[in-house]
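Peer 1: Just need the structure, nothing else, for what follows:
(one chain, ligands or ions: 1)
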Amino acid sequence: MALHRLKSLTVGVPDVARTADYYVDFGLERLAPGRFATVEGGEQFVLRPSPVRRLLGMTIAVDDTDDLGRIAVNLKRLDVPVQWDAAALRAREPVADIVVEATVEPRSVRTPVPATAYNGPGRLDRPDARAPALSRTYPVRPLALGHVVIGTVEQESTQRFFTAGIGLKVSDVVPGRAAFMRCSTDHHNVLVQQAPINFLHHTSWQVADVDDVGRGAMSMLAEHPERHVWGLGRHHIGSNFFWYLKDPAGNFSEYYSDMDAIVDDQVWTPRSFEGVRALYEWGPPPPPSFINPEDLAAHMTGAHAEGH
Ligand SMILES: [Fe+2]
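Peer 2: Numbers count the residues shown, from 1 in each chain. Predicted structure coming up:
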């Protein structure tokens, strides 16, 4: 039938224990050392030791064995070696060196969260009451994994692996630079962007609404202002509210809410975006380190040293 979900990510970091504590603060549930769950998505995040921070793998959920067969044929057409059986398929994206697994899984049934009551001009959805966010005392916990963003030295080739090979659909593009791709009704689950080196840019996690984006970030920053990267803002591509924070390894993690959902592929028209809209609609200006994370130069030197 189809791909239906970004199920999980495996990320390599130099110090698993220290990075793990960050993701507990972020609101993920620690199931075991280095293994984390969201409220509705089950286990969705794994940390493993790695000399340099990077995305090691991702798992995409599909409906049935036919999907695996189709992916296997398509990847072979791209000359990508594939291992597969009735339940799972495994292949390595050859440019960014990421293990991509597709597994047969039931569709997850999401619990509808009631709309937050916001007053509007001529529309009092919350008469005689303070904003509900003011009385939310519980810690923000991500409901589900949303997307992953990677830099790759060959954007077109990595994009082809995910579209022509795995079967993700392109939602929007920044020509020659980035492709926003989906394997669910989320506007994007995987974003690949052209970069001077292969690296993990960010992971993104869904929370209930913009108030929880703000509350989550405030809580992360209370004792660690150095975690702040960029926010609060709203993206243009995908429309979501965002706030980006940084884990101790240098990976960004994003709280988001209100992303575009593409339910009927026939109705959605992918578009090209350039300039500032490729980055955001409103918010503080993005720091230069958002585009080029501070550790990239050192990683490039390291990669070149390894190459020689
Ligand atoms: Fe994002």
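
Peer 1: how far away is Ala298 from Pro114?
Peer 2: Distance from Ala298 to Pro114, counting by C-beta to C-beta, to the nearest Å: 47 Å. All C-beta spots, glycine's among them, are computed from the backbone N, C-alpha and C.

Peer 1: Neighbour count for these two, which is higher?
Peer 2: Each of Ala298 and Pro114 has its neighbours counted (other C-beta atoms under 10 Å); Ala298 has more, 11 against 7.

Peer 1: how about that one, secondary structure?
Peer 2: helix (DSSP: H, G, I helix; E, B strand; the rest coil).

Peer 1: How about the one 4 residues further on?
Peer 2: Under three-state DSSP, the three-state class of Gly302 is helix.

Peer 1: Quick check: nearest residue in space to it, chain neighbours excluded?
Peer 2: Nearest non-adjacent residue to Gly302, counting by C-beta to C-beta, 6 or more residues apart in numbering: Val52, 6.6 Å away.

Peer 1: Now do the same contact list for that neighbour.
Peer 2: Contacts of Val52 were listed using C-beta atoms under 8 Å, 6 or more residues apart in numbering, and they are Gly12, Pro14, His299, Gly302.

Peer 1: any idea which helix or strand carries the residue of the stretch 151-300 of the chain found nearest the ion?
Peer 2: In the stretch 151-300 of the chain, the residue that lies nearest the ion is Ser204 (4.1 Å; C-beta to the ion). If you go by DSSP states H and E, Ser204 is part of strand 199-206.

Peer 1: hmm, who's touching that strand?
Peer 2: Here strand 199-206 makes contact (C-beta under 8 Å, 6+ apart) with 9, 11, 26-28, 38, 45, 53-55, 142-151, 191, 193, 242, 244, 251-257, 259, 293, 296, 299.

Peer 1: CA atoms only for that strand - export them in CSV, please.
Peer 2: Taking C-alpha atoms only, strand 199-206 is exported to CSV below (Å, rounded to 0.1, in the frame of the first residue of the first chain):
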residue,chain,number,x,y,z
PHE,A,199,26.1,15.8,8.9
LEU,A,200,22.9,15.6,11.0
HIS,A,201,21.3,19.1,11.2
HIS,A,202,18.3,18.5,13.4
THR,A,203,15.6,16.1,14.6
SER,A,204,12.1,17.5,15.2
TRP,A,205,9.5,16.6,17.7
GLN,A,206,5.8,17.4,17.8
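
Peer 1: confidence score at Ala303?
Peer 2: Looking at Ala303, its pLDDT is 68.

Peer 1: ok, back up a step: which strand residues bridge the residue of the stretch 151-300 of the chain closest to the ion?
Peer 2: His147, Glu254 (DSSP bridges).

Peer 1: Give me the neighbour count for it.
Peer 2: Residues within reach of Ser204, counting by other C-beta under 10 Å, total 25.

Peer 1: rewinding a little: output the contacts of Val52 as TSV; include the columns distance to Pro286 and neighbour count.
Peer 2: Putting those into TSV (distance: C-beta to C-beta, whole Å; neighbours: other C-beta atoms under 10 Å) gives the following:
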residue	distance to Pro286	neighbour count
Gly12	26	21
Pro14	26	14
His299	20	18
Gly302	26	14
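
Peer 1: Out of the residues you listed, which one has the weakest pLDDT?
Peer 2: Least confident of these in the model: Gly302, at 78.

Peer 1: What parts of the stretch 151-300 of the chain come near the ion?
Peer 2: Residues of the stretch 151-300 of the chain lying near the ion by C-beta under 5 Å from the ion: Ser204, Glu254.
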